[in-house]
Structure formats: structure tokens, C-alpha cells
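K.L.:
prediction below, plus the sequence it came from.
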Amino acid sequence: MSLRRCDDVMEQAYLYLDDEITWYRRTRIRRHLKRCTGCLSTIEFETHFKRVIREKGFEEPDPELIQRLRAFLHEHEHGSDESRA
């Protein structure tokens with residue numbers, strides 16, 4: 001398949017996996033996946049990855065980590081603004 005078509009499929013990958021696209025688009029992606037082993041491999045990897053994440057559950061990050069990340073982002077935003085001046 002053409003590079004553009006593969007790019008289109010990869011751009012829509014998570015919408016496809018989450019069943020958030022139209023029937024028509026889903027059909028076109030399935031048709032592409034039957035002919036393109038590269039895209040099929042990527043979709044299979046992403047499907048497996050999402051399953052592992054779902055099965056492992058979610059742990060709340062440490063509040064201190066969240067606070068440090070917010071401080072870093074705040075500092076970075078203001079540092080970027082000053083460097084443009």
C-alpha cells in the first residue's frame with residue numbers, strides 16, 4: 001500500500017481500536033490491514049499494549065511527583081516565554 005494510506009491508517013489507529021470511527025472508515029482500514037502486514041503488525045501491537053495496560057490496572061501517582069511535575073512545567077512555560085522576549 002502507499003505510504004499515504006499507511007499514514008492514514010496509523011493516524012486513525014486509536015480511533016479504530018476504540019471503535020470511534022464510522023463504519024465506512026473501519027471497513028477501509030480492515031481492507032488495508034488485510035494487505036499491509038506492517039500496519040497489521042502495528043495494530044496488533046497496539047491492541048496487545050492496550051490489553052496489558054487495562055489488565056495491570058492503574059495506580060495513582062505519588063502526590064509529590066505530581067507537584068514536582070507541575071512545578072517543572074510551570075518553570076518551563078515561563079522560561080520559554082522569557083527566552084522569546
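P.N.:
That came through fine.

K.L.:
can you tell me the centre-most residue of this structure?
P.N.:
When C-alpha atoms, centre = their mean is applied to the chain, the residue found nearest the centroid is Tyr14 (6.2 Å).

K.L.:
what is the subsequent helix or strand relative to the helix or strand containing that one?
P.N.:
For Tyr14, the host element (DSSP states H and E) is helix 13-17. Where DSSP H and E defines the elements, the next helix or strand beyond helix 13-17 is helix 23-35.

K.L.:
following that following helix, which helix or strand shows up next?
P.N.:
Counting by DSSP H and E, what follows helix 23-35 is helix 37-56.

K.L.:
separation between the spatially closest residue to the residue nearest to the centre of the chain that is not a sequence neighbour and Arg54?
P.N.:
Excluding the flanking residues, the one nearest Tyr14 by C-beta to C-beta, 6 or more residues apart in numbering is Glu46, at 7.4 Å. Glycine gets a C-beta too; all of them are placed from N, C-alpha and C. The gap separating Glu46 from Arg54 is 12 Å, by C-beta to C-beta, to the nearest Å.

K.L.:
which other helices and strands does the helix or strand of the chain with the lowest mean pLDDT contact?
P.N.:
Scoring the helices and strands of the chain by mean pLDDT, DSSP states H and E places helix 63-84 at the bottom, with a mean of 80. Packed against helix 63-84, as judged by 3 or more C-beta pairs under 8 Å, 6 or more residues apart in numbering; DSSP states H and E, are no other helices or strands.

K.L.:
tell me the contacts of Glu55?
P.N.:
By C-beta atoms under 8 Å, 6 or more residues apart in numbering, the contact set of Glu55 is empty.

K.L.:
many thanks, we can stop here.
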